[in-house]
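Colleague: Below are the sequence and a predicted model; questions follow.
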Amino acid sequence: MQETDELDEYILRHIDEESEYLKALYRDTHVKLLRPRMASGHLQGRLLKMLVRMIRPRHILEIGTYSGYSALCMAEGLEPGGRLYTFEINDEQEDFTRPWIDNSPWADRIEFIIGDALKLVPEMNVTFDMAFVDGDKRRYTDYYEMLLPRLADGGYIVADNTLWDGHVIEKPCPQDAQTRGIMDFNDRIATDPRVEKVILPLRDGLTLIRKK
């Protein structure tokens with residue numbers, strides 16, 4: 001498994017292609033935004049679409065829109081009448097992301113909201129069938145506890161970055177609130193009898209959580 005780059009290329013050649021629109025968004029993300037690694041990319045994007053196809057949710061919540069790549073992938077998998085609500089707390093991101101969402105083939109399935117999901121989601125009268133959590137790592141446990149009562153029985157939460165570049169098996173320094181946030185979240189999920197869970201070592205770690 002040492003030939004990581006070659007294996008990555010092999011995988012991408014043997015899964016569904018991303019659309020030209022998503023390719024263009026991914027390129028633009030790398031040219032114009034800081035931390036472009038935050039975008040889901042081809043492999044994770046195809047997985048998110050496949051999960052939506054499998055779960056067949058009516059309502060999806062995303063926490064952390066960033067450039068919109070993951071939102072578009074999930075919206076692509078939605079059945080007619082499905083709706084994706086995606087929250088981005090950084091208002092400076094809106095000028096880049098909103099045109100990419102509004103001009104996409106899936107714009108009518110997406111509601112892009114600038115604001116704090118922890119404050120705004122509780123005000124919504126929506127029960128979610130699926131959620132993708134990719135926001136502030138320090139607040140992952142808060143997102144989880146806010147979201148679980150608003151998740152349908154048998155619904156799914158997909159949490160990104162749960163291996164955090166391997167830092168979860170290291171002792172975090174006191175100032176590293178993000179690593180501690182991820183570790184606290186992982187510990188909470190591991191012992192929570194309300195859910196079933198599995199961690200996939202895909203990219204930076206992807207946790208699948210099913211509400212019983």
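Modeller: That came through, no problem.
Colleague: the strands in this protein, which residues?
Modeller: For the chain, the strands defined by DSSP state E cover 59-63, 83-88, 110-114, 128-133, 151-160, 195-200, 206-211.
Colleague: residue contacts, the residue most central in space within the chain?
Modeller: Nearest to the mean C-alpha position of the chain, by Cα atoms, centre = their mean, lies Phe132 at 3.9 Å. The neighbours of Phe132, taking Cβ atoms under 8 Å, 6 or more residues apart in numbering as the test, are 48, 60-63, 70, 74, 157-158, 160. The way it works is simple: take the backbone N, C-alpha and C, and place the C-beta from them, glycine included.
Colleague: what bits of this protein have low per-residue confidence?
Modeller: Scanning the chain for pLDDT under 70 picks out the ranges 1-3.
Colleague: so which of the strands of the chain comes closest to Thr29?
Modeller: Thr29 lies closest, by Cβ to Cβ, to one member of those: strand 83-88, at 13.7 Å.
Colleague: what comes into contact with that closest one?
Modeller: Counting by Cβ under 8 Å, 6+ apart, 58-66, 68, 71, 74-75, 78, 94, 97, 101, 109-117, 120-121, 124, 126, 135 sit against strand 83-88.
Colleague: ok so, going back, mind putting the strands of the chain into CSV with distance to Asp187?
Modeller: Converted to CSV, the strands of the chain look like this (distance: least, Cβ to Cβ, whole Å):
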stretch, distance to Asp187
strand 59-63, 20
strand 83-88, 25
strand 110-114, 30
strand 128-133, 16
strand 151-160, 13
strand 195-200, 12
strand 206-211, 12
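Colleague: Need the winner for burial among those.
Modeller: strand 59-63 (a mean of 26; mean count of other Cβ atoms under 10 Å).
Colleague: the inter-axis angle of that strand versus strand 151-160?
Modeller: Computed with axes from the mean of the first three to the mean of the last three Cα atoms, to 10 degrees, the direction of strand 59-63 lies at 40 degrees from that of strand 151-160.
Colleague: Which strands or helices does strand 59-63 pack on?
Modeller: On a contact count with 3 or more Cβ pairs under 8 Å, 6 or more residues apart in numbering; DSSP states H and E, strand 59-63 meets helix 69-77, strand 83-88, strand 128-133.
Colleague: Direction included, what does the last one pair up with?
Modeller: Yep, that's strand 128-133 we're talking about. Applying DSSP bridges, strand 128-133 is found paired with strand 59-63 (parallel), strand 151-160 (parallel).
Colleague: just the angle between the shortest one and strand 110-114, please?
Modeller: The directions of strand 59-63 and strand 110-114 differ by 30 degrees, with the same axes, to 10 degrees as the criterion.
Colleague: tilt between strand 59-63 and strand 83-88?
Modeller: On the basis of the same axes, to 10 degrees, strand 59-63 is oriented at 10 degrees to strand 83-88.
Colleague: From the contacts of Phe132, pick the one nearest Asn90.
Modeller: The closest of these, once distances to Asn90 are taken by Cβ to Cβ, is Ile63, at 12.2 Å.
Colleague: How many neighbouring residues does the nearest residue to that closest one once chain neighbours are set aside have?
Modeller: The shortest distance from Ile63 to any non-neighbouring residue, by Cβ to Cβ, 6 or more residues apart in numbering, is to Gly135 (4.2 Å). Here the count is done by other Cβ atoms under 10 Å, and Gly135 has 25 residues near it.
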